[in-house]
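In: with the sequence up front, the predicted model follows.
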Amino acid sequence: MFFVLLLCFVLQTHEEQPDAPELMLNDLKAGEESKINCTSSNGYPSPVIYWYMESRNLTMNSSFQTERSENGRWKATSTLTFTPLRHDHGKGLICQVVQPTAPLMSSQNETVVLNILYPPIISLRLLDNVEAVSSMTSVEFECTADANPKVLNFAWYLNRLTLNNSTRHRIILDRLHSKTVSTSRLIINDVLRMHSGKYECHVITVLGNASATLNFSYISDRLPLLFIDQNQTTSSTLFVAWQSGFDGGFQQTFNLEYCPNNTLEKNGECGVTNFTGTSSELDKKGP
């Protein structure tokens, strides 16, 4: 009696298109290294996975693993090591699965929009783009902050003193220009010398705080006021005083011209004297 053993082998030789890629991604933080996985299953033979951020190829920064399942198909996993920057926020990250043996190397893509968290970047400027003004009725500062999550609060200071809404100061808070960029404006009405100094805009966010400063000077274009003190004036002397304007905090020099006995300057008897103070006693011979 003879026994015949028949063996049947099933060989899978035709290509199988893999499943669509699965890309799982949470929020990323700027400057911190992250690992991102992309997986595709049921391919035959094993597919290849590529990474792109818009048109930039990131595949060289990834690792690749394959695993064969019981049905003879392959699961491919690629892990991208990525350190995002603030400017990467809003860009598209693409995981591309390619079946190299399929006609025309068919591919499938999965794209996610990056949400990059970063602390505030802040700038402070005068809207008329000057840092010293004269004879202006109002002036406007603008503070711009780029942060994700967005700014929670703006605060304004002048020479370290908090500014609030009043008859002279008007603060417009949180004008949102985009999902990450917001501004606050400080408007000063009836500008005076007291408004000169260091202005500071301070912002508060979940990921940290930031400040920006700007020096502002109000320069009066009015001539100093001249006073004559009758109590200190005699028949031979004249005591005069004047009120200085604001010149950015620097020491000022004043020119005082004095002509005794009603003489004219052309006679050569008048003189010009420089002063750093705000008063002088004059006699018949001059200051």
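Out: Yes, it's here.
In: just the helices in the stretch 101-250 of the chain please.
Out: Secondary structure of the stretch 101-250 of the chain (DSSP state H, counting those that start in this stretch): no helices present.
In: output the below-cut-off pLDDT ranges for it.
Out: Counting by pLDDT under 70, the stretch 101-250 of the chain has low-confidence residues at 102-105, 128-136, 174-176, 220-250.
In: show me where it has its strands.
Out: If DSSP state E, counting those that start in this stretch is used as the criterion, the strands of the stretch 101-250 of the chain fall at 107-113, 116-126, 132-133, 138-148, 153-158, 161-163, 169-176, 181-189, 197-205, 208-218, 225-228, 237-243.
In: reformat the ones you listed as TSV; add distance to Thr79 and mean neighbour count.
Out: Glycine gets a C-beta too; all of them are placed from N, C-alpha and C. Supplementary listing: these in TSV, determined by distance: least, C-beta to C-beta, whole Å; neighbours: other C-beta atoms under 10 Å:
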stretch	distance to Thr79	mean neighbour count
strand 107-113	15	15
strand 116-126	19	19
strand 132-133	57	16
strand 138-148	25	20
strand 153-158	39	18
strand 161-163	50	12
strand 169-176	37	14
strand 181-189	33	19
strand 197-205	31	19
strand 208-218	30	16
strand 225-228	77	11
strand 237-243	74	15
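In: could you break this structure into its assigned domains?
Out: Residue ranges for the structural domains of the chain, counted by automatic domain parsing, are given in the record as 22-114, 118-218, 225-283.
In: could I get the strands of the stretch 101-250 of the chain as TSV with distance to Leu80?
Out: As requested, those are exported to TSV (distance: least, C-beta to C-beta, whole Å):
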stretch	distance to Leu80
strand 107-113	12
strand 116-126	15
strand 132-133	52
strand 138-148	21
strand 153-158	36
strand 161-163	47
strand 169-176	32
strand 181-189	28
strand 197-205	28
strand 208-218	27
strand 225-228	72
strand 237-243	70
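In: how about the ones you listed, which one is nearest Val97?
Out: Smallest distance to Val97 across these (C-beta to C-beta): 4.9 Å, for strand 107-113.
In: who does the closest one touch, helix- and strand-wise?
Out: Packing contacts for strand 107-113, counted by 3 or more C-beta pairs under 8 Å, 6 or more residues apart in numbering; DSSP states H and E, involve strand 22-24, strand 92-98.
In: which of those strands sits most buried?
Out: Counting by mean count of other C-beta atoms under 10 Å, strand 92-98 has the highest mean neighbour count of those, with a mean of 21.
In: so who does Tyr157 touch?
Out: Leu163, Tyr199, Glu200, His202 (C-beta atoms under 8 Å, 6 or more residues apart in numbering).
In: got the contact list for the first one?
Out: What that stands for is Leu163. Trp156, Tyr157, His169, Ile171, Leu186.
In: hang on, the first one packs against Ser184?
Out: Right, the one you point to is Trp156. Yes. Using C-beta atoms under 8 Å, Trp156 is in contact with Ser184, at 7.5 Å.
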